[in-house]
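In: quick one, structure for this:
(2 chains)
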Amino acid sequence: MYNGGKIFAGLIVFICLITFPVWYNVVRGKAAYRPELKIVTEEKECVESSEYMRNEHMHLLDDWRNSVVRENKRTYTAYDGKEHEMSLSNTCLKCHSNKADFCDQCHNYLEVTPTCWDCHVIPEEKKL
Amino acid sequence: MKIDRRDFLKIGGLGALGIAAKPVINVLSKGESAEASHGGGAVGGKRLAMVVDLKKCKEGCTDCIDACHKAHNVPDFHNPKDEVKWLWNEPYEKAFPEQEHEWVGGGMKGGPVMVLCNHCDNPPCVRVCPTKATFRREDGIVMMDYHRCIGCRFCMAACPYGSRSFNWRNPRGCDASGNTFIEKQNPGFPTRTTGVVEKCNFCAERLAKGLIPACAEACKENAIVFGDLEEADSEVREVLHSNYTIRRKPGLGTRPQIYYIV
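Out: Below you'll find the model as predicted:
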């Protein structure tokens, strides 16, 4: 094989570069990083179980939106029978008033950019 | 089971006839219900409307406009080209072009007329909206779902009253000297964003709480009366009964639901 040394050296450099994101995170110890949510709530219970909210909050919010805007139905009966106003700004964000430590944590981790806050006003953040 | 060619053709023929008849039956059974969803009378036993008494309206007063724009985070871009309007004043001649003549009296000539979305019974904006972002509620409110608006501005072309505004600029931004376009944000109501159309929503969010629209509440002269036309003893019905009222451009057939006492 001609120039074997150069080819293999080049291949090793190429593989190192292409796997950069993987080993860089391993070296920095960020591979096991998980988003950490800080929940500052006055209420103890959300409108549904944490498990459900974690998986389905986006669908729940979509349902709320359609129900309020298109059907003028604005009251949501939670799983424990309590009634809540269907409102992102006035109900959800009243408890989860720390968008940066709550919403953004997972959204940034998963690189999703929901457009809610283009229009809905973020309340002033409470300091922890 | 044995089947000969003759029976097979008979069964096949009957089957084909059945399939062919299905769409015909579908069309016949639907009748005319397809058109009924647009306009027409109130379905939910409600027809919200507003009466504006221009005789009580004071020159230079903008209480109703200020209250509305404050409640709904309506931005002021300080530029008529980008203007976003929910409630605004229009000279008499522009508001009622069909009623205009050289000798208009009663202090109306050139005078300001408070105008807003007419929440038409036959709204052309609803008909043209390709995404159904604009729709007519059962109680007559012509509503917008900003989430669905794609900013095509067909509705703006369709509305004969100029009641719709497009957000050319970010309403949350600020001008060159650092003044925000929305003076003070009301956290209870969303702002809009660049690229959507907006208009008066008859204070649907206040009605849900049992309040009257912000403009009617803010008017110190009680020049704005709001209510349900389907309710025989409502104040709007009483006011409409005891006064002569006109509407904006009724000849266009949009059946506007804002009535003016002139």
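In: C-alpha from now on. contacts and neighbour counts both.
Out: OK.
In: residues in chain A within reach of chain B, list them.
Out: By the rule CA under 8 Å from any CA of the partner chain, the part of chain A lying against chain B is A:69-70, A:72, A:74, A:89-90, A:118-123.
In: farthest-separated two in those residues?
Out: Greatest spacing in the residues of chain A next to chain B, by CA to CA: A:Arg70 and A:Pro123 (25.1 Å).
In: ok, A:Cys6 - how many residues close by?
Out: Not quite, residue A:6 is Lys, not Cys. For A:Lys6, the count of nearby residues is 10 (other CA atoms under 10 Å in any protein chain shown).
In: surely it forms part of a helix?
Out: Yes - counting by DSSP: H, G, I helix; E, B strand; the rest coil, A:Lys6 is found in a helix.
In: how close does it get to A:Val13?
Out: Between A:Lys6 and A:Val13 the distance is 11 Å, computed by CA to CA, to the nearest Å.
In: same question, B:Leu28
Out: Applying CA to CA to B:Leu28 and A:Val13 gives a distance of 73 Å.
In: likewise B:Ala158?
Out: Counting by CA to CA - B:Ala158 and A:Val13 are separated by 63 Å.
In: looking at the two, which one has more neighbours?
Out: When neighbours are counted by other CA under 10 Å, B:Ala158 and A:Val13 differ, and B:Ala158 comes out ahead with 17 against 11.
In: list just the nearest of the residues of chain A next to chain B to B:Phe8.
Out: Nearest member of the residues of chain A next to chain B to B:Phe8, counting by CA to CA, is A:Arg70, at 52.8 Å.
In: which SS class is the closest one?
Out: Taking three-state DSSP, the label given to A:Arg70 is helix.
In: wait, doesn't it sit right on B:Asp145?
Out: Yes - A:Arg70 lies in contact with B:Asp145 (CA atoms under 8 Å); the separation is 7.4 Å.
In: now the lengthiest helix in chain B: mean pLDDT?
Out: Counting residues, the longest helix found in chain B (DSSP state H) is helix B:5-30. For helix B:5-30, the mean pLDDT works out to 85.
In: can you mark which positions in stretch B:136-150 are buried?
Out: For stretch B:136-150, the neighbour count (16 or more other CA atoms under 10 Å in any protein chain shown) marks B:136-146, B:149 as buried.
In: tell me the mean pLDDT over it?
Out: Computed over stretch B:136-150, the average pLDDT equals 94.
In: need the contact partners of it.
Out: Contact partners of stretch B:136-150, identified using CA atoms under 8 Å, 6 or more residues apart in numbering or on different chains, comprise A:69-70, B:38-39, B:42-48, B:119-121, B:123, B:126, B:131-135, B:192, B:195-199, B:201-202, B:204.
In: burial check on residue 98, number of neighbours?
Out: I went with chain A, as the question did not name one. Neighbour tally, A:Asn98, other CA under 10 Å: 23.
In: oops, I was thinking of chain B
Out: B:Glu98: 12 neighbours (other CA under 10 Å).
In: re the thing from before, can you give me how far the longest helix of chain B is from the chain middle?
Out: Distance of helix B:5-30 from its chain centroid, counting by CA atoms, centre = their mean, to the nearest Å, is 46 Å.
In: now swap in stretch A:111-118 and tell me
Out: 10 Å.
In: check which helix or strand covers B:Lys46.
Out: Assessed by DSSP states H and E, B:Lys46 sits outside every helix and strand.
In: kindly report the same for A:Val26.
Out: Going by DSSP H and E, A:Val26 is part of helix A:20-28.
In: buried set for that helix?
Out: Buried, per 16+ other CA under 10 Å, within helix A:20-28: nothing.
In: ok, stretch B:177-189 next?
Out: So stretch B:177-189, judged by 16+ other CA under 10 Å, has buried residues B:180-182, B:185-189.
In: equivalent analysis for stretch B:241-256, please.
Out: Here stretch B:241-256 shows B:245-249, B:254-256 as buried, counting by 16+ other CA under 10 Å.
In: what do you get for stretch A:110-127?
Out: Buried-residue list, stretch A:110-127, by 16+ other CA under 10 Å: A:119-123.
In: show me the shaky parts of the chain.
Out: With no chain named, the answer covers chain A. A:31, A:125-128 (pLDDT under 70).
In: wait, chain B
Out: In chain B, residues with pLDDT under 70: B:30-45.
In: chain A: strands as residue ranges?
Out: In chain A, the strands defined using DSSP state E lie at A:75-77, A:83-85.
In: if I read this right, A:Ser97 contacts A:Glu124, doesn't it?
Out: Yes - between A:Ser97 and A:Glu124 there is a contact at 7.4 Å, judged by CA under 8 Å.
In: residues of the stretch 101-250 of chain B that sit close to chain A?
Out: So the stretch 101-250 of chain B meets chain A at B:137, B:144-145, B:187-193, B:208 (CA under 8 Å from any CA).
In: again, only this time at 6 Å
Out: Neighbours of chain A within the stretch 101-250 of chain B, by CA under 6 Å from any CA of the partner chain: B:187, B:190-193.
In: top of those by neighbour count?
Out: That'd be B:Arg192 among those, by other CA under 10 Å, with 24 neighbours.
In: how about the contacts made by it?
Out: Contacts for B:Arg192 (CA atoms under 6 Å, 6 or more residues apart in numbering or on different chains) come out as A:Cys119.
In: now the strands of chain A as JSON lines including mean neighbour count?
Out: Below are those laid out as JSON lines (neighbours: other CA atoms under 10 Å in any protein chain shown):
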{"stretch": "strand A:75-77", "mean neighbour count": "15"}
{"stretch": "strand A:83-85", "mean neighbour count": "14"}
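In: pretty sure B:Glu231 sits in a strand.
Out: No - counting by three-state DSSP, B:Glu231 is not found in a strand; it is coil.
In: and residue 8, how many neighbours?
Out: Let's take chain A. A:Phe8: 11 neighbours (other CA under 10 Å).
In: the chain in question should be chain B.
Out: 10.
In: one more: A:Asp101?
Out: When neighbours are counted by other CA under 10 Å, A:Asp101 comes out with 18.
In: contacting residues around it?
Out: A:37-38.
In: perfect, I'm done here.
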